[in-house]
Structure formats: C-alpha cells, structure tokens
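[1] Build me a model:
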Amino acid sequence: MASLIITEKSSQARDLRAALGDRYGPILPAEGHLLRLAEPDEINAAWKQWSPILLKPDGLYPTRPATDGNKPAKFRAIAAALKQCDQVILATDCDREGQLIGQEILEHVGYRGRVLRALFTAQDPKTLRQAFAQLRPNSELRPLYEAAVARQQADQIFNLSLTRSATKMLLAPGIRGVIGIGRVKTQPWASSASESLKSATSGQRTILRSSPPRLSARVASSCVMHPRPPAALPIAAMPRRSHKPLPAPGDRSA
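    As a prediction, the model looks like this:
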C-alpha cells in the first residue's frame with residue numbers, strides 16, 4: 001500500500017525523516033495553510049462593492065489554492081502525490097489549526113483513500129516513533145476539524161462584514177482608510193480608543209499604542225464597548241465545501 005505523510009512545516013518533515021526513514025512513504029511538508037478562503041466577490045460579484053451587508057454565502061466559503069511564496073509549488077507537489085497513494089498520514093500540529101491545515105488539503109482535492117493521524121507533542125525520535133506505532137483513524141478527529149472550519153468561516157463572515165460596515169458608516173467624512181474589526185485587532189484598538197477618550201476629557205495628550213485611521217467620536221465610543229466575539233457556526237450538520245475540479249499537474253488551462 002502506497003502511503004504519504006503530510007506535515008505542517010519543514011521542521012516536522014526533517015525530524016520525521018530522521019526518526020522514521022522512508023518506512024511510511026514520502027514525507028511532504030505544507031507551509032502553514034496552502035489554501036485560502038474565496039474572497040466575497042468570488043462568491044457574488046455584487047459583493048465587490050463595499051456596503052454594510054452580511055457577507056454570508058448560502059453554504060460555506062470554498063477554498064482556493066494560496067498564491068503567495070512557495071505555497072503553490074508545495075500544494076502541487078502534495079496534490080500530485082495524493083493521486084499516487086492509497087493511504088495518507090497527517091502529521092501536522094496536534095491542535096485545531098493543525099488539523100485544519102492537513103485535512104483541508106484532502107477535502108479540497110477530494111481524496112478518498114485511507115487517512116490516519118499521528119499525534120505527538122514533541123519531535124524527538126522516540127516520541128515520533130511512538131506516535132507512528134499508535135496511529136489513529138483520522139475520522140476520530142473530525143470534530144476538531146469541524147471546529148476549526150467553524151472558526152475560520154465565522155472569521156471570514158463577521159470580520160469582513162463588520163469591517164466593511166464600520167468603514168462605510170462610521171469613518172469620519174473626508175478620511176480615507178479602513179476600520180478593521182476582528183478577534184485579534186479589535187481589543188487593542190479598544191484600549192487605544194479608551195486612552196484617547198480619557199486624555200481628551202483630562203486635557204492630556206496620549207500617544208496611541210496602535211495607529212488606526214482617524215475615528216469619529218461615535219466610533220471611538222463604540223470601540224470601548226469591547227464587543228463579544230461572534231458565536232461559532234453550528235457544525236452538527238456542516239455542509240461540505242464546494243470546489244472546482246483540481247487541474248492535473250502541468251495543466252496550464254486552469
């Protein structure tokens with residue numbers, strides 16, 4: 001049975017080769033996420049124009065191959081190898097994001113062979129050999145993958161929708177820029193806005209720790225509210241992503 005090991009990064013591939021040799025087949029590293037989610041205008045041409053609407057497609061945002069750096073070459077190499085193997089072993093990081101990085105490749109290309117999961121928290125030879133001696137069916141990790149997809153889809157829908165809505169409705173007249181809203185950046189901006197409001201009322205000048213566009217008073221006030229993050233999307237009956245057929249290696253017609 002021809003096997004393939006997919007890792008999350010080159011360091012994992014290097015350590016696995018040192019610990020296992022080639023007894024489990026070739027080892028190919030990803031480069032983090034080799035896929036991206038489609039942009040809103042790739043789903044609906046009308047969404048290219050920014051407006052305060054909810055950018056939620058009927059199903060899930062489909063994946064597209066990433067185009068930055070050496071990711072296209074790595075994706076093509078893994079996709080070509082998948083066509084030649086009966087079994088895949090995912091050896092990405094043992095967390096939600098690691099599960100997504102490996103499994104989304106298989107979902108994207110429509111791989112239907114056997115899939116196993118290697119779980120390890122260290123990359124020394126003894127730990128890696130033990131992990132491969134106790135491989136688990138990847139189906140056991142399906143809930144972890146679906147949780148990662150829910151987080152990814154929620155970020156895409158709410159971050160883009162709220163960023164566009166805030167930019168169009170709340171940016172001060174005559175000011176060019178984007179009011180970015182997201183799980184990572186909103187809280188630091190809220191702290192900066194809070195300090196700005198405090199300094200304005202006390203007559204003192206405070207240097208902001210971040211550099212967002214100049215905000216209207218309404219925006220500065222709303223930023224202090226620390227909005228709660230959006231609830232995760234339901235995953236019990238999560239629909240499958242739709243993808244275009246993967247072109248054969250070397251096909252330039254796509």
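[2] all helices of this protein, in order?
    Secondary structure of the chain (DSSP state H): helices at 10-20, 40-43, 71-82, 96-109, 125-133, 142-154, 160-170, 186-202, 217-223.
[3] got the buried residues for the fourth one?
    The neighbour-count check on helix 96-109 (16 or more other CB atoms under 10 Å) flags 96, 98-109 as buried. Using the backbone N, CA and C atoms, a C-beta is placed for each residue, glycine as well.
[4] Pipe the residues you listed into a markdown table and attach pLDDT and distance to Leu4 per row.
    Output for the buried residues of helix 96-109, formatted as a markdown table (pLDDT from 0 to 100; distance: CB to CB, whole Å):
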| residue | pLDDT | distance to Leu4 |
| --- | --- | --- |
| Arg96 | 96 | 23 |
| Gly98 | 97 | 17 |
| Gln99 | 97 | 17 |
| Leu100 | 98 | 18 |
| Ile101 | 97 | 15 |
| Gly102 | 97 | 11 |
| Gln103 | 98 | 14 |
| Glu104 | 98 | 16 |
| Ile105 | 98 | 11 |
| Leu106 | 98 | 10 |
| Glu107 | 97 | 16 |
| His108 | 97 | 15 |
| Val109 | 97 | 12 |
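[5] which of these lies closest to Ser194?
    Arg96 (31.1 Å; CB to CB).
[6] follow-up on the earlier one: is it possible to get TSV of the helices of the chain that adds distance to Leu116?
    Shown next, in TSV, are these (distance: least, CB to CB, whole Å):
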stretch	distance to Leu116
helix 10-20	14
helix 40-43	33
helix 71-82	14
helix 96-109	11
helix 125-133	9
helix 142-154	13
helix 160-170	36
helix 186-202	39
helix 217-223	47
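[7] ranking those by burial, who's on top?
    helix 96-109 (a mean of 21; mean count of other CB atoms under 10 Å).
[8] tell me the angle that helix makes with helix 10-20.
    Orientation check (axes from the mean of the first three to the mean of the last three CA atoms, to 10 degrees): helix 96-109 against helix 10-20 gives 90 degrees.
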